[in-house]
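**Student:** Just a sequence and a predicted model for now, questions to come.
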Amino acid sequence: MRAIRLSRTGGPEVLELAEVDVPTPGPGQILVRHTAIGVNFIDTYHRSGLYPIKLPSGLGMEAAGVVEAVGPDVGRFSKGDVVAYASGPIGAYAEFNAVAADRAVRLPQDVTPEVAAAALLKGMTAEFLLRRCHAVQPGETILVHAAAGGVGSILVQWAKALGATVIATAGGAEKLERAKALGADHVIDYREADVAAEVRRITGGKGVPVAYDSVGASTFEGTLASLARRGLFVSFGNASGPAPPVEPGRLSRMGSLYFTRPTLFDYVATTEELDASAAALFDVIGSGKVRVDIGQTFPLSEARAAHEALEARATVGASLLIP
């Protein structure tokens, strides 16, 4: 089969298309023939070495497709089932992958493999951020950075479905218009404006009870200064580089703030949590309250171009690789 491999960490140029053996599913595993493969920022962190992985390696955490074979001791799926997964093992940038059956979910009939590959990792991230990391309440005003991106676009729509008022940031007029179209009540260009000053203006000086920041270094100070007393800073990405260290005393001096750095994998650690998170996502997609936009697709062989576009912030919505 064709697969993307890397033997060293670095820029997108380290991604190479290779011919490798189709894996054989072991005990508790299923072999998935991919229809669509999700491209996510965590893939760039693995590729660059920010999140260390053992080399040589494949790449990619998320894909959807059809079960081609079932290993021993699997009762959860059968050959021919349409499934998706978003928590590894690393190696989704390939035509096939052998994955643990208890880490995959069955797709409902109204969710296509393309939508699932575009939405599962990002959408379950949005689910735990909005419903469990901080349970967003009707009438709350929240701050969402990178609102035109993959996770951000789902966060905005789902938060609106929960009854929140959304202050969304994005870079440039086109992405601000997209955030508005998704339902954002207020938009701020974080490249041009003083985000904290705008948030204070919008909230009558109070600030927001929770801010979701996937951008990292460039938005860190603005996010911190946007929080209300006892507000929660949710840092879940590094699009502009890693966020700086937080000195605990600053959190105290700025209003007894909370800071968390959550990861999806701690919120879908059990099969029961995984199934519940995916079901909530599929329900909100099926209801029409959250629309998943696939902004761009690339052939599997052009994984390098997909990474270049993602890191240049030249993408809108979700990106897919098509085997």
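**Tutor:** Nice, thanks for sending it over. Numbering: from 1, shown residues only.
**Student:** who's in contact with the residue nearest to the spatial centre of the chain?
**Tutor:** Compute the mean C-alpha point of the chain, and by C-alpha atoms, centre = their mean the closest residue is K122, 3.1 Å away. Residues near K122 by C-beta atoms under 8 Å, 6 or more residues apart in numbering: 38, 40, 150-151, 154, 318. All C-beta atoms are positioned from the backbone trio N, CA, C, and that covers glycine.
**Student:** Most neighbours out of those, which is it?
**Tutor:** Tallying neighbours with other C-beta atoms under 10 Å puts I154 at the head of those, with 32 neighbours.
**Student:** can you confirm it is in a helix?
**Tutor:** Yes: assigned with DSSP: H, G, I helix; E, B strand; the rest coil, I154 falls within a helix.
**Student:** didn't it look like it was pressed against G123?
**Tutor:** Yes: using C-beta atoms under 8 Å, I154 is in contact with G123, at 5.4 Å.
**Student:** tell me which of the contacts of K122 is nearest to S226?
**Tutor:** Closest approach between those and S226, by C-beta to C-beta: V151, at 18.5 Å.
**Student:** Quick check: the closest one is in a helix.
**Tutor:** Yes: assessed by three-state DSSP, V151 belongs to a helix.
**Student:** Contact partners for the nearest residue to Y267 once chain neighbours are set aside?
**Tutor:** Closest residue in space to Y267, ignoring its immediate chain neighbours: F128 at 3.9 Å, by C-beta to C-beta, 6 or more residues apart in numbering. F128 sits next to 262, 264, 267-268, 277 when contact means C-beta under 8 Å, 6+ apart.
**Student:** Please, which helix or strand holds F128?
**Tutor:** Assigned by DSSP states H and E, F128 falls within helix 113-128.
**Student:** quick one: average pLDDT of that helix?
**Tutor:** Averaging pLDDT along helix 113-128 gives 96.
**Student:** before we move on, back to that, any shared contact partners between I154 and G123?
**Tutor:** Common contacts of I154 and G123 (C-beta under 8 Å, 6+ apart): 290, 292.
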